[in-house]
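Novice: sequence plus predicted model, see below.
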Number of protein chains: 2
Amino acid sequence: MARAQRISDDLARRQADEPAGEVAHFGPDEPLVLDAGVALSPFQIGYKTYGTLNAARSNAVLVCHALTGDQHVASDNPVTGKPGWWEIMIGPGRPVDTDRYFVICSNVLGGCMGTTGPASTNNATDQPHGLSLPLITIPDMVRAQAMLVKRLGIDSLFSVIGGSMGGMQVLQWATQYRDMVFSAMPIATAARHSAQNIALHEVGRQAIMADPEWRGGRYLIEDTRPSAGLAVARMAAHITYLSDAALHRKFGRRFQDRDAPTFSFDADFQVESYLRYQGEAFVERFDANSYLYVTRAMDYFDIAAEHDGSLAKAFAGTKTRFCVVSFTSDWLFPTAGSRAVVHALNAAGASVSFAEIESDKGHDAFLLDEPELFAITRGFLASAARARGIA
Amino acid sequence: MARAQRISDDLARRQADEPAGEVAHFGPDEPLVLDAGVALSPFQIGYKTYGTLNAARSNAVLVCHALTGDQHVASDNPVTGKPGWWEIMIGPGRPVDTDRYFVICSNVLGGCMGTTGPASTNNATDQPHGLSLPLITIPDMVRAQAMLVKRLGIDSLFSVIGGSMGGMQVLQWATQYRDMVFSAMPIATAARHSAQNIALHEVGRQAIMADPEWRGGRYLIEDTRPSAGLAVARMAAHITYLSDAALHRKFGRRFQDRDAPTFSFDADFQVESYLRYQGEAFVERFDANSYLYVTRAMDYFDIAAEHDGSLAKAFAGTKTRFCVVSFTSDWLFPTAGSRAVVHALNAAGASVSFAEIESDKGHDAFLLDEPELFAITRGFLASAARARGIA
């Protein structure tokens, strides 16, 4: 690897064991029993908090991140140096107001930013887990988060909020730990991964595993990196986060730094140049095996399957207040998936509001400047805070 | 390579120079001047014909194939042994009735089934062209087809028909050789490639070029094959040919040969197994460099750009009868793109009918059993045949 790339790689690699921010360690007395049927122990969770927990311990908001997100939701990212991924939503005076709420965000199990994942060191061998780590599921991620929340002395969360895979965790929290969840906001998500979603993830995994530098998952030990494969996976995924209209508006058929096509395989078009950049930037901050694990967790996600195929049954008797949000141009998690959740919540007699926000920005709309999303979040949390008696 | 794969590979490779079916050779006296600014000479066109040209030479139908199609439209494919790719549409008694019409289908320039492309032998070096072949455009493909049509002694085509990239060629024919086209049927296509389409193609190209076995395009000379990269490209593309609904109907979240997930990266889900098969089957019949060339030709396609940005101007004064067809669930070439063509044809005062067919089968609907498409094709051709006086 080139020197600059090596420095960036080292920086990213170190986060797997010694992340910026807080770390909660769970020893042999607190194993995590995974859906795969094995106990993970020891393990750790990297997390960040923002704001102050009130005396009643009633104002905690858990924010769940998406596929390639991390715990640095509202402060600079230690690897990229960029602002937190949801600073537009979370912070002092923001819709999730850290002057009022105590925000917790942890890196997911299987991730590469400080929570145990394939890039973390296995104490037994002093080498990275790699593919020896058992597969992780969304319920496993949520189980780990629940252990963290209890460790922080919190019995009940004021709210659980997240988009995309974060929204899957929100829904899982609301069924698995329903008594701990006062309110829940699943955004741009679904109660199960669709065949098309699984197919798109499988392409990304095959791109990584096709890269000879992947070395059967042993690249960290053998000091190679499947950068080309991971970049292709990211490029393919990135297209699914946007929309036809958004790509047309941003790039159209405009050329990059030229007036006419070069009649070559160079990045003639702006959209090609942009995509290549997305692929290159991603490999500097994300672990390829983590990408395999976390995509697989999403594929396995299907809440109804655990409840005799009935989503309504999964939510039966819930007291949680729900606010479900989707975006019109999101074709990765189309509104139909959110509607299915709303129908099930209605059938279960739950308290639920639903907003389909008009936007041409595609799936990524939940991360962008969408005033309607901010207004809805503010209103929903304010109403729930009144109901819970939060000042 | 394994022996079975090698035999299949040899079979596919031979088609590049000595295809099954007919071949038209064009020598130094008939160069093809490419949009890239160079003259291609010598070159050849592999093609097939079905039915009989009438005495008036007025019943010829040119069928244009899509990205990975070939000339074997209505008879067994010499490489795969499978039926022709559009036998449901073309043959005796079919909507394009070979008892009545003389059907011509040629492999596109840049292809790998007998028309000059990167896998063809360069006579000057006795080695495959590889990336030394200049880039090809859709107008170049059509220019070559026009030379073939003239070679066959046909001054005017009764109809030009094609879907997807085939539809692009139809639109190009109707502007570049308007006096040679009596009727035209562009299906599931657009007058230009969108930013999203370019992005999707770029992912496929990057997957191929990321494969070290691609060897900078010299894999045929160095006797390797970028099979893994080409398979990933095909898998990614294949998803775009279907629809969310079609994938759900075909596969849902069903497991492949098992009752429960394996908690591994095996193909647990049927949709994964299906996709992997699509990738593996494709690399046995298609040349990776051809994939680069032909996708690039589609990216460059933009009819209006050649006519001061006005699509209506491109069709001004046309006497061709048009029938434009799209499918509701096609998100690769959405109806909006067909509607733009129809609006331009209306503005140009052309004779045009338009059908948006209700289907959940996605882009590939044009290749599948869609009775409405067959009825429309029959009706359109019958009416045009009456107008042209074909018995």
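Specialist: Okay, I see it.
Novice: can you list the weak-confidence ranges in chain A?
Specialist: A:1-7 (pLDDT under 70).
Novice: domain-wise, how is it divided?
Specialist: Taking automatic domain parsing as the domain assignment, the ranges for chain A are A:3-197+A:295-388, A:198-294.
Novice: any idea how far the last one is from the chain center?
Specialist: So that's domain A:198-294. Counting by Cα atoms, centre = their mean, to the nearest Å, domain A:198-294 is centred 18 Å from the centre of its parent chain.
Novice: equivalent analysis for the first one, please.
Specialist: Relative to the centre of its chain, domain A:3-197+A:295-388 is centred 6 Å away, using Cα atoms, centre = their mean.
Novice: any residue of it up close to chain B?
Specialist: Yes. With Cβ under 8 Å from any Cβ of the partner chain as the measure, domain A:3-197+A:295-388 is seen reaching chain B through A:35-37, A:131, A:134-135, A:192-196, A:296, A:299-300, A:302, A:305, A:331, A:334. Glycine gets a C-beta too; all of them are placed from N, C-alpha and C.
Novice: returning to that earlier point: mind putting the domains of chain A in a markdown table, distance to residue B:218 included?
Specialist: Converted to a markdown table, these look like this (distance: least, Cβ to Cβ, whole Å):
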| stretch | distance to residue B:218 |
| --- | --- |
| domain A:3-197+A:295-388 | 26 |
| domain A:198-294 | 14 |
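Novice: would you format the ones you listed as TSV with mean neighbour count included?
Specialist: As requested, these are exported to TSV (neighbours: other Cβ atoms under 10 Å in any protein chain shown):
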stretch	mean neighbour count
domain A:3-197+A:295-388	20
domain A:198-294	21
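Novice: who wins for proximity to residue B:43 among those domains?
Specialist: domain A:198-294 (17.1 Å; Cβ to Cβ).
Novice: residues contacting stretch A:270-287, please?
Specialist: A:5, A:8-9, A:12, A:16, A:68, A:77, A:79-80, A:112, A:117-119, A:225, A:227, A:230-232, A:234-235, A:238-239, A:247, A:250-252, A:254-256, A:267, B:195, B:198-199, B:202-203, B:206 (Cβ atoms under 8 Å, 6 or more residues apart in numbering or on different chains).
Novice: thinking residue A:318 is in contact with residue A:173, fair?
Specialist: No. Contact criterion Cβ atoms under 8 Å: residue A:318 and residue A:173 do not qualify, at 11.1 Å.
Novice: overlap of the contact sets of these two?
Specialist: By Cβ under 8 Å, 6+ apart, no residue touches both residue A:318 and residue A:173.
Novice: packing partners of the longest helix anywhere in chain A?
Specialist: When chain A is parsed with DSSP state H, its longest helix is helix A:371-388. Where contact means 3 or more Cβ pairs under 8 Å, 6 or more residues apart in numbering or on different chains; DSSP states H and E, helix A:371-388 is packed against strand A:96-97, strand A:157-163, strand A:181-187, strand A:321-327, strand A:351-357.
Novice: and residue B:290, which of these is closest to it?
Specialist: Of the helices and strands packed on helix A:371-388, nearest to residue B:290 by Cβ to Cβ is strand A:321-327, at 38.3 Å.
Novice: and that closest one with strand A:181-187, angle?
Specialist: 10 degrees (axes from the mean of the first three to the mean of the last three Cα atoms, to 10 degrees).
Novice: sheet-wise, list the partners of strand A:321-327 with their directions.
Specialist: Looking at strand A:321-327 with DSSP bridges, its partner strands are strand A:181-187 (parallel), strand A:351-357 (parallel).
Novice: between strand A:157-163 and that strand, find me the angle.
Specialist: When the same axes, to 10 degrees is applied, the directions of strand A:321-327 and strand A:157-163 differ by 10 degrees.
Novice: next SSE downstream of strand A:321-327?
Specialist: For strand A:321-327, the following helix or strand on the C-terminal side (DSSP states H and E) is helix A:335-347.
Novice: what is that next one packed up against?
Specialist: By 3+ Cβ pairs under 8 Å, 6+ apart, helix A:335-347 packs against helix A:311-315, strand A:321-327, strand A:351-357.
Novice: alpha carbons of the last one, as CSV, please.
Specialist: Spelled out, it's strand A:351-357. Provided in CSV are the C-alpha atoms of strand A:351-357 (Å, rounded to 0.1, in the frame of the first residue of the first chain):
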residue,chain,number,x,y,z
SER,A,351,-50.4,4.3,19.1
VAL,A,352,-48.9,5.1,15.7
SER,A,353,-48.5,8.0,13.4
PHE,A,354,-47.2,7.7,9.8
ALA,A,355,-45.7,10.1,7.4
GLU,A,356,-44.7,9.5,3.8
ILE,A,357,-42.5,12.5,3.0
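Novice: in helices, which of the contacts of stretch A:270-287 appear?
Specialist: Mapping the contacts of stretch A:270-287 onto helices (DSSP H) picks out A:5, A:8-9, A:12, A:16, A:227, A:230-232, A:234-235, A:238-239, A:247, A:250, B:195, B:198-199, B:202-203, B:206.
Novice: relative to chain B, how far out is the residue lying closest to residue A:27 once chain neighbours are set aside?
Specialist: Leaving aside its sequence neighbours, residue A:27 sits nearest to residue A:42 (Cβ to Cβ, 6 or more residues apart in numbering or on different chains; 5.1 Å). Look at residue A:42 and chain B: by Cβ to the nearest Cβ, to the nearest Å, they are 21 Å apart.
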